[in-house]
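> Return atomic coordinates for the entry below.
(chains A, B, C and D)
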There are 2 protein chains.
Amino acid sequence: MRRPTLEAVATRAGVSKSTVSRVVNGEATVGPDIRALVMRAVNELDYMPNPAARSLVTQRTDSIAVIVSDPPAGLVSDDPMFSTVVRAASREFEAAGKQVALMLAGTADSRLRVRQFVAAGHVDGVMLMSMHGADPLPAALAATGVPIVSHGRPAVSVDVPWVDNDNIGGAALAVRHLLDRGRRRIAMISGPLDMSAAQDRLGAYRATLRETGRRSIVAIGDFTRISGAEAMFQLLDDDPALDAVFAANDLMAIGALRALRRAGRRVPDDVAVVGYDDIEAALYTDPPLTTVRSPMGDQAVASARLLLGLLENRPMSSVVLPTELIVRDSS
Amino acid sequence: MRRPTLEAVATRAGVSKSTVSRVVNGEATVGPDIRALVMRAVNELDYMPNPAARSLVTQRTDSIAVIVSDPPAGLVSDDPMFSTVVRAASREFEAAGKQVALMLAGTADSRLRVRQFVAAGHVDGVMLMSMHGADPLPAALAATGVPIVSHGRPAVSVDVPWVDNDNIGGAALAVRHLLDRGRRRIAMISGPLDMSAAQDRLGAYRATLRETGRRSIVAIGDFTRISGAEAMFQLLDDDPALDAVFAANDLMAIGALRALRRAGRRVPDDVAVVGYDDIEAALYTDPPLTTVRSPMGDQAVASARLLLGLLENRPMSSVVLPTELIVRDSS
DNA sequence: GATCATGAAGAGAGCGCTCCCTCCAAAAGG
DNA sequence: CCTTTTGGAGGGAGCGCTCTCTTCATGATC
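Next up, the predicted model:
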């Protein structure tokens, strides 16, 4: 037994397919009595339009690809960014009647898959997340003509509108705060330098220190807890006298906290720590983490809205959201 | 300008649509020379089959709905379970050539959306995540005839195969460990009782204590950090002399750790803490958290495989995965 | 009463693909 | 040499829907 079709509903209601189509799509040009008749038939048969047939003719799919650059299996599995951003964006898209197709793009294989998927017309739009600099995906997708937005400014300049937080301003906030607290030797744990957020935060750290004539001390991580811990150990090695560290995200700050504990340093007495993002976990560290709040959820929502606007052919442009320093006990 | 169709490829290669279709779908009954001819035309035109047209006739979509019961906006945004499970399952589905459609099912509205989406034939199968007891969704979806699996045993008995970890065995492990450590007054922070995992963990806690003639002391949380902290305060209020607490997941254990710190109790000296799940964060608490490792990623992979098997009409049955106690410094 | 404007409903082509059926040529068998 | 078998290729119906075009009824206008 097959699912009922438009035609079945039409027959049952004693009207034409066209009329049923009009009712189902909410067009105004149908008399109220006929509309009621059709609705009754629809309900009786539990009719639902076949999405494949519909999108075959409309050339729309009412779905959006959310593309996450996935690390190789096993790495960074519980990234709070993923959860927050995907959820917030999904809610926004669902509210607009768009379905979210989630795709992981880590390997070259999966990037090919993604490109094919998008080029085949599976989705009406694409939202990119956490793109790395070397990634050829944004350009490849832009070439398909499908509207794209990037959550986070792409590292290489490519003609894709984006939404980001004020990484430069936020990082400057963090460093100035440490300076205000009287810290002299402020180190930084940077994110991977092929991501614009990492570049900007590092750049602002350097610039701010330079203003006061101080030297920068940097170790590079990859935004994971473990890399934060490793970077911290290295920094302690490089400059045992450091009295503050600014981590480019909270996850690395958490790793740094653990490394400092292991190394016998007290926070904030010996070393002050400031993170970035203000994830929920920052409230639960010991001591609670001073951090720069980046409005991750808002950023995701803004990205989604940007894309939705693009789909309606409204002129849209990139957005920078403000950040805020949240002072807790780690600094 | 439109994307090239099968017909365009056929014309260019000088063969029939049927032949192109055969080549594109990898059928064996095409001569090697003709196949090469067609492939050349495909590449030259950058042809990609239109998925809507294809699924209109095949009645397949090659996609899977992953349905997450989403809490109201703003709550538990950075659930590590979400990230781990969604990613692991996605990878598995993608490897099998299935696309993942992510749907949030929190409100009654969204549940209706989900039901319609599935009933309309948008997907070939459904994977349910973290279903609560009262949720009518599993039954409603089962009625559509689309294959379903549940990640986590559904609370109410419904004819849906599932994959879970050994909640009873795992919780018993945790409690026995605390008893072995000489703890006398062992409290528990339970998860929401409309979820089977919470029920089973609580049940095993009670049963294990009963064996040794001890009283159980329980507070109920909802698997979030904040609820863990609140539950911990309540437990301290109820029984200031408690010397151990078993939290039904690590997030709540982390909340409990913070509450204990605020209340001036030392961990593990005054109060031992054991969690459940072994999320990555458990390694970074102070002190590092003793916990029951539930193989979340494996469970997600197993759920995905179960569904993929169902789609191939292979007979499949529910799975229980073993757990393991990871002893760290909090107990 | 004849003409025209208006709005509601029906007819049917066509979206791009798959898959059943038919056809044909070459190989195998008598 | 003719018939039968076989495998590779083409023809074309039809999947379920939308949307343009057409038709028809109604009421307004002269």
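
> and A:V218, what element?
Using DSSP states H and E, A:V218 maps to strand A:217-220.

> Run me through the strand neighbours of that strand, direction for each.
Here strand A:217-220 is paired, per DSSP bridges, with strand A:186-190 (parallel).

> The helix or strand just after the strand it pairs with to strand A:186-190, inter-axis angle?
Next in sequence after strand A:186-190, counting helices and strands by DSSP H and E, comes helix A:196-211. For helix A:196-211 against strand A:186-190, the angle by axes from the mean of the first three to the mean of the last three CA atoms, to 10 degrees is 170 degrees.

> what packs against helix A:196-211?
helix A:167-180, strand A:186-190 (3 or more CB pairs under 8 Å, 6 or more residues apart in numbering or on different chains; DSSP states H and E). Glycine gets a C-beta too; all of them are placed from N, C-alpha and C.

> most packed of these?
Among the helices and strands packed on helix A:196-211, strand A:186-190 has the highest mean neighbour count (mean count of other CB atoms under 10 Å in any protein chain shown), at a mean of 28.

> Could you pull up the residues touching the nearest residue in space to A:L202 that is not next to it in sequence?
In space, and not counting its chain neighbours, A:L202 is closest to A:S190: 4.5 Å by CB to CB, 6 or more residues apart in numbering or on different chains. With contact taken as CB atoms under 8 Å, 6 or more residues apart in numbering or on different chains, A:S190 is in contact with A:198, A:201-202, A:205, A:218-221, A:248.

> Which of those residues sits closest to A:G14?
Closest approach to A:G14 among these (CB to CB): A:A198, at 65.2 Å.

> per-residue confidence at the closest residue in space to the closest one that isn't next to it in sequence?
Counting by CB to CB, 6+ apart, the nearest residue to A:A198 once its immediate chain neighbours are dropped is A:G191, at 3.1 Å. Looking at A:G191, its pLDDT reads 95.

> what's near enough to touch A:G191?
Counted by CB under 8 Å, 6+ apart, A:G191 has contacts A:197-198, A:201-202, A:220-223, A:248-249, A:252.

> Out of the contacts of A:S190, flag the one nearest to chain B.
Chain B has its nearest neighbour among the contacts of A:S190 in A:G221, at 14.1 Å by CB to the nearest CB.

> ok, the closest one touching A:L235?
No. The criterion here is CB atoms under 8 Å, and A:G221 misses it with A:L235 at 10.4 Å.

> Residues of chain A that sit close to DNA strand D?
A:2-3, A:5-7, A:17-18, A:21, A:24-25, A:47-50, A:53-54, A:56-58 (CB under 7 Å from any atom of the strand).

> care to break chain A down by domain?
Domain segmentation of chain A under automatic domain parsing yields A:6-49, A:63-164+A:297-319, A:167-293.

> The strand or helix carrying A:V20 close to DNA strand C?
For A:V20, the element it lies in under DSSP H and E is helix A:17-24. Yes. Helix A:17-24 is in contact with DNA strand C by CB under 7 Å from any atom of the strand, via A:17-19.

> try stretch A:52-61
Yes. Applying CB under 7 Å from any atom of the strand, one finds stretch A:52-61 in contact with DNA strand C at A:53, A:56-57.

> that older thread, neighbour-wise, which of the contacts of A:G191 leads?
Neighbour tally across the contacts of A:G191 (other CB atoms under 10 Å in any protein chain shown): the maximum, 32 neighbours, falls on A:A248.

> related to what we said a few turns ago, and the helix holding A:V20, is it in reach of chain B?
No. Judged by CB under 8 Å from any CB of the partner chain, helix A:17-24 and chain B are separated, with a smallest distance of 11.7 Å.

> could you point out which element follows that helix?
Following helix A:17-24 in sequence, per DSSP H and E, is helix A:32-45.

> Which positions in that next one come out as buried?
Buried residues in helix A:32-45, counted by 16 or more other CB atoms under 10 Å in any protein chain shown: A:34-35, A:37-39, A:41-42.

> send the alpha carbons of it over as CSV?
Extracted in CSV, the C-alpha atoms of helix A:32-45 (Å, rounded to 0.1, in the frame of the first residue of the first chain):
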residue,chain,number,x,y,z
PRO,A,32,-13.9,28.7,1.7
ASP,A,33,-16.4,25.8,1.1
ILE,A,34,-14.1,24.1,-1.4
ARG,A,35,-11.2,24.6,0.8
ALA,A,36,-13.0,23.0,3.7
LEU,A,37,-13.9,20.1,1.5
VAL,A,38,-10.3,19.6,0.5
MET,A,39,-9.0,19.9,4.0
ARG,A,40,-11.4,17.2,5.1
ALA,A,41,-10.2,14.8,2.4
VAL,A,42,-6.6,15.7,3.3
ASN,A,43,-7.2,14.8,6.9
GLU,A,44,-9.2,11.7,6.2
LEU,A,45,-6.4,10.3,4.0
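
> Does stretch A:106-120 reach chain B?
Yes. Contact of stretch A:106-120 with chain B (CB under 8 Å from any CB) involves A:110, A:113, A:116-117, A:119-120.

> From the residues you listed, which one has the minimum pLDDT?
A:S110 (86).

> which outside residues touch the helix or strand that residue falls within?
With secondary structure defined by DSSP H and E, A:S110 is part of helix A:108-119. Helix A:108-119 is contacted by residues A:65, A:67, A:70, A:101, A:103-105, A:123, A:126, A:135-137, A:140-141, A:144, A:146, B:46, B:48, B:94, B:99 when judged by CB under 8 Å, 6+ apart.

> Does that helix reach DNA strand C?
No. Shown here: helix A:108-119 not in contact with DNA strand C (CB under 7 Å from any atom of the strand), separated by at least 11.6 Å.

> from the middle of its chain, how far away would that helix be?
19 Å (CA atoms, centre = their mean, to the nearest Å).

> As CSV, could you dump the C-alpha coordinates of that helix?
Provided in CSV are the C-alpha atoms of helix A:108-119 (Å, rounded to 0.1, in the frame of the first residue of the first chain):
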residue,chain,number,x,y,z
ALA,A,108,39.5,15.1,1.3
ASP,A,109,36.9,12.3,0.7
SER,A,110,34.2,14.0,2.7
ARG,A,111,35.0,17.4,1.1
LEU,A,112,34.3,15.8,-2.3
ARG,A,113,31.1,14.3,-0.9
VAL,A,114,30.0,17.7,0.3
ARG,A,115,30.8,19.5,-2.9
GLN,A,116,28.9,16.9,-4.9
PHE,A,117,26.0,17.0,-2.5
VAL,A,118,25.7,20.7,-2.8
ALA,A,119,26.3,20.8,-6.5
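
> shouldn't A:A52 be in contact with B:L56?
Yes. A:A52 is within contact range of B:L56, at 4.2 Å (criterion: CB under 8 Å).

> more neighbours, those two?
A:A52 (23 against 17).

> Just list the residues touching that one, thanks.
B:51-53, B:55-56, B:61, B:121.

> one more time with 7 Å, if that's ok
A:A52 makes contact with B:52, B:55-56, according to CB atoms under 7 Å, 6 or more residues apart in numbering or on different chains.

> how big is the angle separating the helix or strand hosting A:I64 from strand B:63-68?
Assessed by DSSP H and E, A:I64 sits inside strand A:63-68. Interaxial angle of strand A:63-68 relative to strand B:63-68 (the same axes, to 10 degrees): 70 degrees.

> how distant is stretch A:141-159 from the center of its chain?
14 Å.

> Are that stretch and chain B in contact anywhere?
No. Between stretch A:141-159 and chain B, judged by CB under 7 Å from any CB of the partner chain, nothing touches; the nearest distance is 9.4 Å.

> Just give the nearest non-adjacent residue to A:S330, would you?
A:V273 is the one closest to A:S330 (CB to CB, 6+ apart), at 4.4 Å.

> Skipping its backbone neighbours, what lies nearest the residue of the stretch 101-250 of chain A found nearest chain B in space?
Minimum separation of the stretch 101-250 of chain A from chain B (CB to the nearest CB) falls at A:A120, amounting to 4.2 Å. Once flanking residues are discounted, A:A120 sits nearest to B:M48: 4.2 Å by CB to CB, 6+ apart.

> How about the contacts made by that neighbour?
By CB under 7 Å, 6+ apart, the contact set of B:M48 is A:116, A:119-120.

> From B:L141, how far out is it?
As for B:M48, its distance to B:L141 is 31 Å (criterion: CB to CB, to the nearest Å).
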